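A.B. asks: Take a look and give me a structure for this.
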Amino acid sequence: MRTPNLLLVLALAGTLALPGSGRAAGPKFFDDDPIARDPETQDAARVQPIELSEQFDFVENSFLKAGDRAPVRAANVNTVDEVPDSSWFTNRAGSARWLAADAAKGPDAGAGPAAGPWTIVSAKTEGITPGMIIRDSAGDVYFIKFDPPSNPEMASGAEIVSTKFFHAFGYHVPENYIATLQPASLTIGAGVRFKDEDGRRRPMRPKDVDAVLAKAARNGDGTYRVLASKALSGTPVGPFRYYGTRPDDPNDIYPHEHRRELRGLSVFAAWLNHDDSRSINTLDTLMRDGGRSFVRHHLIDFGSTLGSGSTQAQTARAGNEYIWESRPTIVTMLTLGFYVRPWVKVDFADYPSIGRFEAGYFLPEAWKPEYPNAAFANVRPEDRFWAARIVAAFSDETVRAIVQAAKFSDPRAAEYLLETLLARKGKVLMSWLNGTNPVVNPALNTSGLLTFENAAERAGVAKAAERYTIEWSRFDNATGTHEAAGAEASVTEPRAQAPASLLASKPPFIAARIRAVHPDRPAWAQPLMMYFRQLDGGWKLVGLERNP
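C.D. replies: Numbers count the residues shown, from 1 in each chain. The predicted structure is shown next:
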């Protein structure tokens, strides 16, 4: 991590996004606020491939507390507290044109590997995870992954479902397809070499293909259901870390642990039990856009999500405890093994194609990945709220459409997965839509009537607020100062009228500070600042600051 870069970004965040901050060197809001896309205009042609040690990543994050842990707001939100589109993230879920069919299609631009011969260009038989890379008859390259014999359809189903979800959330992911492998259609490409179980590199032979297939679940007719992951566009340049920045990418200016889409990823990972959310399962690719190069950041490999552990059913520990935690380990030792971790007693439904996935014991706020993640460690209530609103955009119909895309042969298993996802969704919304002031979608019409919504109430995870208190003010965009306009108002409905005297003065900017009052939701009382700018067509929301 580059410290000078961090200081620069935090200073930038203080002027662009921090609530209540005025700019000494310029106005708080500019004509193009709020921006919808980050201006990543620098050429990244000098980016070089990097490698990351999985072992060092575990040690660094488990014992060295990688990344900055300063209690600061996300650095890359725009003036209305949203994440602009970028090479990291694209706003999709909840948009006006977003439908269940879009979610079920996900990132897929085609139909998967073309029929005809598949040419093996690489494969591996060592370890417990078989796989191969093939080129189909159309010349496209796919990574082929298999289901374990103990759990047919499980890993491939988890990959399909989670890929659709993470694409809909807004992340860049591969095109993943369910495909049928015909052993007779496989041919070994010229000069293909691989590392065998003894670590020797030698030419691949037909018996080596048989060794790969012997470790995979096979259909009754001798074919194989496989997950075909299409090679990403661009040139692979290695994974990204969940902290710091990439030194050779001039567009990578926000420390990753302070990017909202990476902090908020913890909410999505908890919902889908993506405990393998670590750097090794990311990939940057160098892309060309006209005469400029840029880096696109991807999440990949969702075989260890939901109830799947890729090569076996997920462990009961997944999502409940880090690989290494000192306290439960010491307690177990001191009690000579008589202490039993609570998650050990959890009962799981017996669906081999689903693995171990449940909603009864699941507690969103207690969920954990395999080992600490610097971005997750920095998540704040407003980051979780942002992510929970995206989760709330998934209707039952949309979730069902995504589950159906996995093509599970057992309808009972598919229904169980659907019910579990919806139950976990309810818990996610209950926890994180109520963790801060849930007022959303404020609008001010030409007559000065302010309307808004309550995200928690709308999602059905809370009753209506007793009342809302609102303080109006004139806002000086040049100095960042407020001039109170009238006394604090109290309303019981999500609407309020701006003071007539405030409107009569025709200020270019109006601000309102709103709090929600609920006897069971103390976090609702946290203030929300909203700023409106006077334009020819009326008032435009240009600023929204949660927990200023």
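A.B. asks: Near Ile178, how many other residues are there?
C.D. replies: For Ile178, the neighbour count with other C-beta atoms under 10 Å is 18. Bear in mind the C-beta positions are built from the backbone N, C-alpha and C, glycine included.
A.B. asks: Count the neighbours of the nearest residue to Ala114 once chain neighbours are set aside for me.
C.D. replies: Nearest-residue entry for Ala114: Ala138, 4.0 Å, with adjacent residues in sequence omitted and distances by C-beta to C-beta, 6 or more residues apart in numbering. Residues contacting Ala138 under the criterion other C-beta under 10 Å number 10.
A.B. asks: the helices in the stretch 401-548 of the chain, which residues?
C.D. replies: 411-432, 455-458, 500-504 (DSSP state H, counting those that start in this stretch).
A.B. asks: Let me know which of the ones you listed is tucked in deepest.
C.D. replies: helix 455-458 (a mean of 22; mean count of other C-beta atoms under 10 Å).
A.B. asks: Now do the helices for the stretch 101-250 of the chain: every range, in order, please.
C.D. replies: Using DSSP H, counting those that start in this stretch, the helices of the stretch 101-250 of the chain run over residues 154-169, 206-214.
A.B. asks: Check which helices and strands the last one sits against.
C.D. replies: Using 3 or more C-beta pairs under 8 Å, 6 or more residues apart in numbering; DSSP states H and E as the contact definition, the elements that helix 206-214 packs against are strand 118-124, strand 131-135, strand 186-188.
A.B. asks: Show the contacting residues for Gly538.
C.D. replies: Contact analysis of Gly538 by C-beta atoms under 8 Å, 6 or more residues apart in numbering lists 444-446.
A.B. asks: what's the spacing between the residue nearest to Asn281 when sequence neighbours are not counted and Trp367?
C.D. replies: In space, and not counting its chain neighbours, Asn281 is closest to Asp301: 4.4 Å by C-beta to C-beta, 6+ apart. Asp301 is 19 Å from Trp367, where distance means C-beta to C-beta, to the nearest Å.
A.B. asks: do Tyr416 as well
C.D. replies: In terms of C-beta to C-beta, Tyr416 sits 20 Å off from Trp367.
A.B. asks: ok, residues contacting the one helix or strand Ala387 maps to?
C.D. replies: Using DSSP states H and E, Ala387 sits in helix 381-392. Residues outside helix 381-392 that contact it (C-beta under 8 Å, 6+ apart): 73-74, 81-83, 93-94, 169-170, 260, 263-268, 271, 425, 428-429, 431-433, 435-436, 438, 440, 455, 458-459, 523, 526, 546-547.
A.B. asks: Now, of these, which are buried?
C.D. replies: Those of those that meet the buried threshold are 73-74, 81-83, 93, 169-170, 260, 263-268, 271, 425, 428-429, 431-433, 435-436, 438, 440, 455, 459, 523, 526, 546-547, by 16 or more other C-beta atoms under 10 Å.
A.B. asks: Among the residues you listed, which lie within strands?
C.D. replies: Among the buried ones among the contacts of helix 381-392, the members falling in strands (DSSP state E) are 440, 546.
A.B. asks: Isn't Thr451 up against Val439?
C.D. replies: No: between Thr451 and Val439 there is no contact, the gap being 10.7 Å when judged by C-beta atoms under 8 Å.
A.B. asks: shared neighbours, those two?
C.D. replies: Taking C-beta under 8 Å, 6+ apart as the contact criterion, the residues that touch both Thr451 and Val439 are Pro494.
A.B. asks: Compare these two and say which is more crowded by neighbours.
C.D. replies: Using other C-beta under 10 Å, the more surrounded residue of Thr451 and Val439 is Val439, with 23 against 13.
A.B. asks: Name the surrounding residues that touch stretch 453-466.
C.D. replies: Residues from elsewhere that reach stretch 453-466 (C-beta under 8 Å, 6+ apart): 385, 388-389, 392, 426, 429-430, 433-434, 438-441, 492, 494, 516-521, 524.
A.B. asks: gap between that stretch and the chain center?
C.D. replies: Computed by C-alpha atoms, centre = their mean, to the nearest Å, the chain-centroid distance of stretch 453-466 equals 24 Å.
A.B. asks: Distance across that stretch, terminal residue to terminal residue?
C.D. replies: In stretch 453-466, first residue to last residue: 14 Å (C-alpha to C-alpha, to the nearest Å).
A.B. asks: got it, and stretch 278-298?
C.D. replies: End-to-end distance for stretch 278-298: 12 Å, by C-alpha to C-alpha.
A.B. asks: pLDDT (mean, whole number) over it?
C.D. replies: For stretch 278-298, mean pLDDT is 95.
A.B. asks: Please shift the residue numbers so they start at 8 in all later answers.
C.D. replies: All set: I'll call the first residue 8, so the last point we hit is now stretch 285-305.
A.B. asks: So for that stretch, what gets flagged as buried?
C.D. replies: 285-286, 288-294, 300-305.
A.B. asks: Could I get the full set of strands for the stretch 308-457 of the chain?
C.D. replies: Taking DSSP state E, counting those that start in this stretch to define them, one finds strands in the stretch 308-457 of the chain at 446-451, 456-461.
A.B. asks: so can I have CSV of the ones you listed showing distance to Gly227?
C.D. replies: Below are the strands of the stretch 308-457 of the chain laid out as CSV (distance: least, C-beta to C-beta, whole Å):
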stretch, distance to Gly227
strand 446-451, 51
strand 456-461, 52
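A.B. asks: right, and these - which one's nearest Trp331?
C.D. replies: strand 446-451 (39.2 Å; C-beta to C-beta).
A.B. asks: residues in contact with the closest one?
C.D. replies: With contacts defined as C-beta under 8 Å, 6+ apart, strand 446-451 is touched by 396, 457-462, 475, 501, 505, 517, 519, 521, 523, 535, 537, 539, 545-546, 548, 551.
A.B. asks: Can I get the buried part of those as one ChimeraX selection?
C.D. replies: Buried residues among those (16+ other C-beta under 10 Å), as a ChimeraX selection:
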select :396,457,459,461,462,475,501,505,517,519,521,523,535,537,539,546,548,551
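A.B. asks: Contact partners for the residue nearest the centre of the chain?
C.D. replies: The structure's the chain has its C-alpha centroid closest to Leu272; by C-alpha atoms, centre = their mean the separation is 3.4 Å. Taking C-beta under 8 Å, 6+ apart, we find Leu272 in contact with 178, 284, 382-383, 394.
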